[in-house]
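> Next comes the sequence, and after it the predicted model I'd like to discuss.
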Amino acid sequence: MRPWLILGFILALAVVVGACAGHEWASPADLWRAVSGDQALRSRLLFEWRMPRVLAAAFVGALLGVGGTIFQGVFRNPLAEPYLLGSAGGAALGATVALLVPLLVPQSYALPVLAFAGAWGATMLVIGISRVAGAVDAAGLLLAGVAVAAILGALRSFLMLALSDDTVNLQVVLSWVLGGVQTPTWAGLGVLLAISAACLGLAMTLARRLDVLGLGETMAIAFGLDVNRFVALAVLAGSLVVAAAVAYGGLVAFVGLAAPHIARWLVGPIHRPLLPASALVGAIIVTVADAIARAALPPAEVPLGLVTAVAGGPFFIVLLAQRLRR
Amino acid sequence: MTEIAAEDLVVQRGAAMLLEHLSLSFAATGSVALIGPNGAGKTTLLKVMAGLETPTSGRVRLRHLDLAAMPKATRARTIGFLPQYFEPHWDLTVMQLVDLGAQRAGHLPEGALERTTTAFELAGLLQRRWSTLSGGERARVLLAMVLVTDPPILLADEPAAALDIRHRLDVIRALAERGRERSSVVVVHDLDLAFRFFERVVVVVDGKIAIDGATAEVIGDQRLDAAFGVRFERLRTEQGWVLSASSELRAVR
């Protein structure tokens, strides 16, 4: 019970501090006035712009935490991460296409669908490459992921250079690619809440089988798991979660790596408690990082992805060093 | 009555023939030791019979059902498979590991979990993590994970090979004693343990069955020497037969 109370408390604190933070700091009293229906401009700005943004950041973080946990569970590899495995890069490429290429369908539909297709395609490509190369171990998978992510990044840059014109603001695409939570309306936030809850629910249906898979392939099959089918299913589910996170938050590095690790320290490696705990930890990380992004260099905003990369990169290096030493 | 049977199994991987038209059946009760030189196909045979690998041709029959057509959950409840090597990817506790084994049964009879943890002397270790366990403790945890559901058939692949002699003795004896009420088939590396504890011995050589019979008959069989490529001296002791090998092999072959 205790880790949940601690996580819940820290998240609540992070959301309040996040709502206070910005190029113009607000006090908790200001926040209270804003939520209790004050019509002053400052209160309305807080209520309509900053608060949805802060909550959206929390949901994006929760999605990244859940996505990272699924990927680490499927690949039985604590270094697996959507950003490193190319699936976030694939989602970003899909989303860039949706933003820049004139399509027949409205952007609001095209973006999530293409982001999902990109995330799933990139992940399957990485799995395929590492299988063909005969390297399904940690290093092989990560190297294939790095290579695919580099190719996808180059393709995305090319699209941005070739297709942006006056009608499409390159700045918008770029800031999104560097990671940045879009500010939704309260109705849009409701949709994001529903998507996040559905993603967590979907992940929870995989929880027990992720535990069994963690016993190793031989034992998993002996315990009745159809390993090939389950891995395919779980990669699909993981891609869905990552695509949702990328559609709302752009490319945010290392949260999917760090959140499951921190959650594992708190609640252990069994997936049924681990998935919601990772969601909470991810939400805390992104809420705090987003607050830093908004408040560090007023009036400008630092891209969120840069904040998490600067903080998360060293975390990854420490994990990698620990693993190599073993 | 036959509980599980391999029928004309062929397993080919690349150019290598791992099993060549091998047929073998096990009754609902009895302890069987599978022995043979390295690379004879013992592990492959066990994995195919447990449904972990698909044979190139032939089939495995469980009572009157085809194993390949059986639901995977039913197969997992009926056949307990004990691998040669087990290392979980996450550092779970003993309780969590045994529980994951128990969950494949869907529903366990009251007290089954407690009986198993007591039987394998795990009661004091339940909250310990895998990484903190000794080799002997790990072997007991693995046994508990597989046997907690009390599967009718146990297929074990040298589960004791890496243990010291006392733990090896304990594990092999526990597996053989299981044959009194269930079907217990164990790949055994240590020939003395095989001949001392098991009722039936099957000798596998080059993907085929070389000798199959009651323990007392197999030990006297001169083909045993050829199977392992050595000359055995059979020494009678109070505990049963002990084999002493000398390597005057070529003449026999």
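Right, received. Where do you want to start?

> Residue numbers of chain B in contact with chain A?
When proximity is defined by C-beta under 8 Å from any C-beta of the partner chain, chain B lies next to chain A at B:50-52, B:72-73, B:75-77, B:79-81, B:83, B:86-93, B:96-97, B:100-101, B:103-104, B:146. Using the backbone N, CA and C atoms, a C-beta is placed for each residue, glycine as well.

> what about 7 Å?
Contact residues, chain B versus chain A (C-beta under 7 Å from any C-beta of the partner chain): B:50, B:52, B:72-73, B:75-76, B:81, B:83, B:86-92, B:96, B:100, B:103-104.

> which residues sit against stretch A:317-326?
For stretch A:317-326, the surrounding residues in contact (C-beta atoms under 7 Å, 6 or more residues apart in numbering or on different chains) are A:Pro78, A:Leu79, A:His261.

> and those, which of them are in helices?
A:His261 (DSSP state H).

> Can I have the buried ones of the contacts of stretch A:317-326 as a ChimeraX selection?
One line in ChimeraX is enough to select the buried ones among the contacts of stretch A:317-326; burial here means 16 or more other C-beta atoms under 10 Å in any protein chain shown:
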select /A:78,79,261
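
> Of the contacts of stretch A:317-326, just say which sits nearest to chain B.
Proximity to chain B was ranked across those by C-beta to the nearest C-beta; first place goes to A:Pro78, at 8.5 Å.

> now that closest one: how far from A:Ala263?
Plainly put, A:Pro78 is 12 Å away from A:Ala263 if you go by C-beta to C-beta, to the nearest Å.

> and what of A:Gly256?
Counting by C-beta to C-beta, the gap between A:Gly256 and A:Ala263 amounts to 12 Å.

> Tell me which of the two has more neighbours.
Using other C-beta atoms under 10 Å in any protein chain shown, the more surrounded residue of A:Gly256 and A:Ala263 is A:Gly256, with 35 against 26.

> Check that one and give its pLDDT.
The model reports A:Gly256 with a pLDDT of 91.

> neighbours around the nearest residue to it once chain neighbours are set aside, how many?
If you skip the residues right next to it in sequence, A:Gly256 has A:Gly68 as its closest partner in space, 2.9 Å away by C-beta to C-beta, 6 or more residues apart in numbering or on different chains. By the criterion of other C-beta under 10 Å, A:Gly68 has 31 neighbours.

> ok, now how distant is A:Gly68 from B:Ala245?
Computed with C-beta to C-beta, the distance linking A:Gly68 and B:Ala245 is 54 Å.

> Export the contacts of stretch A:317-326 to JSON lines and append columns for distance to A:Leu304 and pLDDT.
Listed next are these as JSON lines, based on distance: C-beta to C-beta, whole Å; pLDDT from 0 to 100:
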{"residue": "A:Pro78", "distance to A:Leu304": "24", "pLDDT": "79"}
{"residue": "A:Leu79", "distance to A:Leu304": "22", "pLDDT": "79"}
{"residue": "A:His261", "distance to A:Leu304": "20", "pLDDT": "92"}
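
> Going by distance to A:Gly153, which of the contacts of stretch A:317-326 wins?
When the contacts of stretch A:317-326 are ranked by distance to A:Gly153 (C-beta to C-beta), A:Leu79 comes first, at 19.6 Å.

> tell me the secondary structure for the closest residue to A:Thr287 other than its chain neighbours?
With C-beta to C-beta, 6+ apart as the measure, A:Ala14 is the residue that lies nearest to A:Thr287, at 4.3 Å, once sequence neighbours are left out. Per DSSP: H, G, I helix; E, B strand; the rest coil, the local secondary structure of A:Ala14 is helix.

> Would you check that A:Ala14 makes contact with A:Val286?
No - using C-beta atoms under 7 Å, A:Ala14 is not in contact with A:Val286; the gap is 9.1 Å.

> And these two? Which one has more around it.
Relative neighbour count places A:Val286 above the other of A:Ala14 and A:Val286, with 34 against 23, counting by other C-beta under 10 Å.

> My guess is that one contacts A:Phe59. True?
No - A:Val286 lies out of contact with A:Phe59 (C-beta under 7 Å); the separation is 8.7 Å.

> residues contacting the closest residue to chain B within the stretch 51-200 of chain A?
Among the residues of the stretch 51-200 of chain A, A:Arg76 lies closest to chain B, at 4.0 Å counting by C-beta to the nearest C-beta. Taking C-beta under 7 Å, 6+ apart as the criterion, A:Arg76 is in contact with A:Leu213, A:Gly214, B:His89.

> Low-confidence bits of the chain, can you list those?
Here I'm looking at chain A. By pLDDT under 70, the weakly predicted segments of chain A are A:134-139, A:165-169, A:172, A:326.

> Wait, chain B was what I had in mind.
Using pLDDT under 70, the flagged stretches of chain B are B:1, B:248-253.

> Flag every buried residue along stretch B:200-216.
B:Arg200, B:Val201, B:Val202, B:Val203, B:Val204, B:Val205, B:Gly207, B:Lys208, B:Ile209, B:Ala210, B:Ile211, B:Thr215.

> Surely the fourth one is within a helix?
No - for B:Val203, which was evaluated using three-state DSSP, the result is strand, with no helix membership.

> Can you spell out which residues form a bridge with it?
Beta bridges link B:Val203 to B:Ile35, B:Ile211, judged by DSSP bridges.

> and it, what does it touch?
Remark: with contacts taken as C-beta under 7 Å, 6+ apart, B:Val203 is in contact with B:Ile35, B:Gly36, B:Ala210, B:Ile211, B:Val218, B:Leu224, B:Ala227.

> Whichever residue of the stretch 101-250 of chain B sits closest to chain A: what's it in contact with?
Distances from the stretch 101-250 of chain B to chain A, computed as C-beta to the nearest C-beta, single out B:Arg104 as the nearest residue at 4.7 Å. When contacts are counted by C-beta under 7 Å, 6+ apart, B:Arg104 is found next to A:Phe223, A:Gly224, B:Ala76, B:Arg77, B:Thr149.

> Now the residue in chain A that chain B sits nearest to: phi and psi?
Among the residues of chain A, A:Gly224 lies closest to chain B, at 3.0 Å counting by C-beta to the nearest C-beta. Dihedral pair for A:Gly224: phi 90, psi 10, per degrees, to the nearest 10.

> now B:Val10
Per degrees, to the nearest 10, the backbone of B:Val10 is at phi -130, psi 130.

> what about it, distance to A:Tyr83?
B:Val10 sits 46 Å away from A:Tyr83 when distances are taken as C-beta to C-beta.

> how about the residue of chain B found nearest chain A, what does it touch?
Closest residue of chain B to chain A, C-beta to the nearest C-beta: B:Ala76 (3.0 Å). Remark: with contacts taken as C-beta under 7 Å, 6+ apart, B:Ala76 is in contact with A:Ala222, A:Phe223, A:Gly224, B:Arg104.

> Take those and lay them out in CSV including secondary structure and distance to A:Leu45.
Converted to CSV, those look like this (DSSP: H, G, I helix; E, B strand; the rest coil; distance: C-beta to C-beta, whole Å):
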residue, secondary structure, distance to A:Leu45
A:Ala222, helix, 60
A:Phe223, coil, 55
A:Gly224, coil, 56
B:Arg104, coil, 56
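
> so which of the residues you listed comes closest to B:Leu191?
When the contacts of B:Ala76 are compared for distance to B:Leu191, the smallest value, 26.6 Å, is given by A:Ala222; criterion: C-beta to C-beta.
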